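Engineer: Provide a 3D model corresponding to the input given below.
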Amino acid sequence: MPRDPDEDSIRLQLKGEIRTRRLATRRALPAEGRDQRSAAITERVLALPEWAAARTVLAFVSMGREVQTGALVEAAWRDGKAVATTRMTPARDDLELRAWREGDELEESGMMFRQPRETSERVADEAIDLVLVPALAVDERGHRIGYGKGFYDRLLPRLDALRVALIFDFERIVEVPTRPDDQPVDVIVTDARVIRTGAR
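Structural biologist: Coordinates of the predicted model:
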């Protein structure tokens, strides 16, 4: 049955309202609390069997009050895993995958996150085994609210990889208002729990 365009518009508006509230909550989170919660999330990710098996991990570069991924990236390097992260395409409408090696200097993207330099090596989509997905809120079905640009909803279908959303436990919500192009995650890792969604 075709979706009601008014319903789709309402869902988009609701997602925007949730996004605004979650961004405000994150801004109020002290750096010490962010770091403590991020450390607990790191421990839970490192305990995943899929993390141990992964040869190439796609990680996001943390910004502001996001879950801090630095310790996970360093653990991957120590374990001999390859690490990739995203770089904006020249048109700034999509994401490329680039190698992120120990000692690499990142540059500002102009979109509030840091990224590899243009000279960094490209990484093939099919090389990724596990992707760490940023989110502002996630429900237990695996549906997430991101920053509203749709970058990960376009990226995730390209990857045959386990999708792991990293959020603080207070960012779990009962239900995300979904739209047709939304891409769910397979695993949610918070500072308090690991949730396997069975979404795919």
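Engineer: what comes up buried for the host helix or strand of Arg154?
Structural biologist: Using DSSP states H and E, the secondary-structure element containing Arg154 is helix 151-155. Using 16 or more other C-beta atoms under 10 Å as the test for burial, helix 151-155 gives Phe151, Tyr152, Leu155. C-betas here are computed from N, CA, C, even on glycine.
Engineer: if you skip the residues just before and after it, what's nearest to the residue nearest the centre of the chain?
Structural biologist: With distances taken as C-alpha atoms, centre = their mean, the residue of the chain nearest its centroid is Val133 (1.8 Å). If the residues on either side of it in the chain are set aside, Val133 comes closest to Ala165, at 4.6 Å by C-beta to C-beta, 6 or more residues apart in numbering.
Engineer: three-state assignment of the one you found?
Structural biologist: Using DSSP: H, G, I helix; E, B strand; the rest coil, the three-state assignment for Ala165 comes out as strand.
Engineer: tell me the mean pLDDT for the lengthiest helix in the chain?
Structural biologist: Counting residues, the longest helix found in the chain (DSSP state H) is helix 5-27. Per-residue pLDDT values over helix 5-27 give a mean of 82.
Engineer: Buried residues of that helix, list them for me.
Structural biologist: Along helix 5-27, the positions that meet the burial threshold by neighbour count (16+ other C-beta under 10 Å) are Arg11, Lys15, Ile18, Arg19, Arg22, Arg26.
Engineer: now do stretch 33-44
Structural biologist: By 16+ other C-beta under 10 Å, the buried positions in stretch 33-44 come out as Arg34, Arg37, Ser38, Ala40, Ile41, Thr42, Arg44.
Engineer: For it, give the mean pLDDT please.
Structural biologist: The pLDDT scores in stretch 33-44 average 97.
Engineer: all numbers from here: first residue = 308
Structural biologist: Taking 308 as the first residue, the last one we looked at is stretch 340-351.
Engineer: For Ala383, give me its contacts.
Structural biologist: For Ala383, the contacting residues are Val364, Ala366, Ala389, Val390, taking C-beta atoms under 8 Å, 6 or more residues apart in numbering as the criterion.
Engineer: C-terminal to the helix or strand encompassing it, what's the next element?
Structural biologist: Taking DSSP H and E as the criterion, Ala383 maps to helix 377-385. Read in the C-terminal direction, the helix or strand following helix 377-385 is strand 389-395, with elements assigned using DSSP H and E.
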